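[1] sequence and computational prediction follow.
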Amino acid sequence: MADASLKARVQELHRQLNEANHRYYVLDAPAISDAEYDRLMQELRGLEADHPELLTGQSPTQRVGAAPVEAFGVVEHPVPLLSLGNVFSREDLEAWHRRVSNLLDGRPFDLVCELKMDGLAVALVYEDGVLTTGATRGDGVRGENITANIRTIRSIPLRLEGTVPRRMEVRGEVYLSRPGFAKINEERAQQGLPLYANPRNSAAGSLRQLDSRITASRPLDIFIYQLGWAEGEAALPATHWDRMAYLASVGFRTNPLNRHCPALADVWAFVEEWGAKRHDLPYETDGVVIKVNSLDYQGQLGTVGREPRWATAYKFPSVQATTKLLAIDVNVGRTGSLNPFAVLEPVQVAGVTIRHATLHNEEDIRRKDVRVGDTVIVQRAGEVIPEIVGPVLDLRPPGAEPYALPAACPECGTAVVRPSGEAMTYCPNKACPAQGLELLKHFVSRGALDIEGVGESLCAVLLSQGLVRDVADLYALTTEQLEALDRMGKKSAANVVAAVQGSRDRPLARLVFGLGVRHVGSENAELLVRHFGSLDALMAASEDELTAVAGIGPKVAASIIEYFEDQDNRRIIEKLRLAGLRMAEEAREERAMPLSGKEFVFTGRLERFTRMTAEAMVKELGATTGSNVTRKTSYAVVGEDAGSKAERAQQLKVPILTEQEFLDLMERVRAGEQPT
Ligand code: IVH
């Protein structure tokens, strides 16, 4: 027997799921992410499975969607619109397949894979080949009559071609393409209206307009994915795949990417292929629907509750979630830039707990209109740093104020400045302690001078103890000074000094990058050093000479000039010269470089290092790096969520390396092997 706390939990899950359903289906204004919804639903299903006495007819697990709004007429669905069970992994999928196979007594069966569209399900009735009714799914049994709106969707035929059953109903998903969504939001922005958070909301909002002229102005589209019912159905093809072909032949739009899969291995290949490429599609898809192809077998398998046993949905890992924006804090970067970031109520996105998200700059915050207290949609796309997509406007607490950056640097109190034409705001105080720390951290980082053993906390200690006032002071550190610090033994002190001294011979481009000149990243540093050959030549360069370097524009040139005009910066450079750092580069070709002439392109998220580090690794061995795969590319190194670049590499037959294969290659090259 279930105890009281379990009962209370079940009730709480009912409440949350009912509210989520209402917001999703009736108000088109969801307050929780799909992933969160799925999690709650799974928890409830689990509890009901373990404690059947807690399962009632009112449970949200027993129905689909919510009651239709009154404003539209009601349409009864003679054959209910079903929902789908979900699988989230290859193991889940295999378990589903095994279950089906058992239920079919081991008889072989083939499958169909379809992209799961993220839009709104509709049922369309045709009588004598003419569209008579269009309805939403509603609760699966009763939907809303949206015929007038449905008629405005250009890809829905009003009259069918060829011979068709006297009465029939087809089902499909109405959706909005990404460009269509962008267009609607642009118009809304112009009219000062709140923006839709994603294409699904926007499609649903568009389809459920009481004024069908508004629907007509929205570029909605449809993919048909099922024949609901038909008179004389027996005369129609006997498999789902052939029926879809038949529906296409009489005028319906079906997704050409759908695939007939003889075996489970083909299904998995489809899932993996579109899991990787889905972001390149012009519309959003949140998974793959896998269906048993034989309609006879579908009938034998039947349904449990509202979920057919003959189909399931493989859900792609969600990259979005909703959470509360608790505060907007500001970091001061090494160039003095004020970097606002979101402090969030911790939330899981694609398996990672997110607590912070970047907000880029003040403009970005204003454009998205995010305010402290808002419920916000966060997203983790490819890159490591999560982003805020936008607020859920309906959930804005009263009194939430638009955000403004502080007028003074949060670290040193100096009045901040925003140079004209720049999006970033800066603390102009070169002695700002935050800048000093960030600059020192940057100088010792792997992409720059790569000084092992000098991490963030040691940097902070060195600055606060006055042992280091600028980056050049690092080279004067002695083991005695370091040993005197807390938690620093003899051995580690000696290691730090050795690492610092060892960094003096790093390539000049690393030093130029390490100086932290605004707008001079590792790429630009590389370009500059290749062109000028020495720090002296770079310091003496005029604006014209700088902009003559391919890839260096006027903004970067102006920043370089400003940096070297500063007397303090010049003093630091002289100190570095006296400390014996490499100030010029011999012509590259003269050095034995095992990867000379090779170009690497890195794409996707790497597990063990950042892209910058990986690029530094290959450049150190004489290779160049590119941001696009071309015929000149020697290797494409592909991490997680690699998109179109990996595809392009495949097309161009450029060798593709996984992260591990890349590491193996580096190992072999370092050991003296010649790469092919
Ligand atoms: S088949 C068993 N096929 O997903 C029949 N549904 O979670 C269930 N959906 O209500 C529908 N693309 O709104 C099917 N190719 C597809 C689909 C699809 C999107 C939606 C549909 C359905 C929901 C079920």
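    All right, it came through fine. Quick caveat: nothing in here was measured; it's all calculated off a predicted structure.
[2] now do the contacts for the residue nearest to Tyr475 when sequence neighbours are not counted.
    The shortest distance from Tyr475 to any non-neighbouring residue, by Cβ to Cβ, 6 or more residues apart in numbering, is to Ala579 (3.7 Å). Glycine gets a C-beta too; all of them are placed from N, C-alpha and C. Contacts here follow Cβ atoms under 8 Å, 6 or more residues apart in numbering; on that basis Ala579 touches Ala472, Tyr475, Ala476, Arg504.
[3] can we see that at 10 Å?
    By Cβ atoms under 10 Å, 6 or more residues apart in numbering, the contact list for Ala579 reads Ala472, Asp473, Leu474, Tyr475, Ala476, Val500, Gln501, Arg504.
[4] please, a ChimeraX command that selects the buried ones among the residues you listed?
    To isolate the buried members of the contacts of Ala579 in ChimeraX, using 16 or more other Cβ atoms under 10 Å:
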select :472,473,474,475,500
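[5] which of the contacts of Ala579 sits closest to Asp568?
    Distances from Asp568 to the contacts of Ala579, taken as Cβ to Cβ, are shortest for Ala472 (11.0 Å).
[6] wait, the closest one touches Lys575, no?
    Yes. Counting by Cβ atoms under 10 Å, Ala472 touches Lys575, with 3.5 Å between them.
[7] list residues touching both of those two?
    With Cβ under 10 Å, 6+ apart, Ala472 and Lys575 have common neighbours Leu581.
[8] which positions in the stretch 301-450 of the chain make contact with the ligand?
    Residues of the stretch 301-450 of the chain found near the ligand (Cβ under 6 Å from any ligand atom) are Pro308, Ala311, Ala313.
[9] can you report phi and psi for the first one?
    Backbone torsions of Pro308, given as degrees, to the nearest 10, read phi -70, psi 150.
[10] over to the second one?
    When read as degrees, to the nearest 10, the backbone of Ala311 gives phi -150, psi 160.
[11] ok, now which ones touch it?
    By Cβ under 10 Å, 6+ apart, the residues touching Ala311 are 82, 84-85, 96, 100, 111-112, 114, 226, 240, 289-292, 298, 301, 303.
[12] quick one: pLDDT of it?
    Looking at Ala311, its pLDDT stands at 98.
[13] among the contacts of Ala311, which ones are buried?
    Here, 16+ other Cβ under 10 Å leaves 82, 84-85, 96, 100, 111-112, 114, 226, 240, 289-292, 298, 301 buried among those.
[14] in strands, which of those residues appear?
    Leu111, Val112, Glu114, Gln226, Val289, Ile290, Lys291, Val292 (DSSP state E).
[15] and the furthest pair within the residues you listed?
    Leu111 and Gln226 (14.9 Å).
[16] quick one: the strands in the stretch 201-350 of the chain, in order.
    With DSSP state E, counting those that start in this stretch as the criterion, the stretch 201-350 of the chain has strands at 220-230, 259-261, 285-292, 303-304, 307-308, 311-315, 320-332, 338-349.
[17] partner strands of the fourth one, with direction?
    Applying DSSP bridges to the sheet, strand 303-304 is found paired with strand 307-308 (antiparallel).
[18] got it, and the second one?
    The sheet places strand 259-261 alongside strand 111-117 (antiparallel), with pairing taken from DSSP bridges.
[19] fine by me, we can end here.
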